[in-house]
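[1] Test case, fold it:
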Amino acid sequence: MRRNRVLLTGVGDLYEEVTAALEEAGAEVRGVRDPDDESLLEALEDGTYDVACIVAREDALPLRLALLIRHLDEDLPIVVTVFDRDMASQLEEAVPRLQVTSLADIVAPSLAGPA
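    Numbers count the residues shown, from 1 in each chain. Here you go, the predicted model:
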């Protein structure tokens, strides 16, 4: 059974949490913490991935990195965290093979369940 190869990039505690969750799920994770254009370009050149994940608690970084990744690799699926719903809709329309999620979408079911 082949493990999913994930290029994970992001900042802060959310980056750490997603890394742990992906590894626990059995994914092969290549992490680029606190990314800049050069480190992301290097990661894309060094590996073949099944998906790129971009996580941050603010919207500017995922927006910029999603556009950069799509420019560098037109086929790689991308998953990003974006909190502003209007920005999320526009990003999904502008960037092919991109899926947007937010912490609210992820956390709400787990908070509502016990209630």
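[2] part of a helix, is residue 38?
    Yes: judged by DSSP: H, G, I helix; E, B strand; the rest coil, residue 38 forms part of a helix.
[3] and it, how many neighbours?
    8 (other Cβ atoms under 10 Å). No exception for glycine: its C-beta is placed from N, CA and C like everyone else's.
[4] For it, report the pLDDT, please.
    We have a pLDDT of 95 for residue 38.
[5] Just the element for the nearest residue to residue 43 once chain neighbours are set aside, please.
    With sequence-adjacent residues excluded and distances taken as Cβ to Cβ, 6 or more residues apart in numbering, residue 43 is closest to residue 32, at 5.0 Å. Secondary structure assignment for residue 32, by DSSP states H and E: strand 28-33.
[6] Partner strands of that strand and their direction?
    strand 5-10 (parallel) (DSSP bridges).
[7] Give me the residues contacting the partner strand.
    15, 18-19, 22, 27-33, 35, 40, 43-44, 47-56, 61-62, 65, 76, 81 (Cβ atoms under 8 Å, 6 or more residues apart in numbering).
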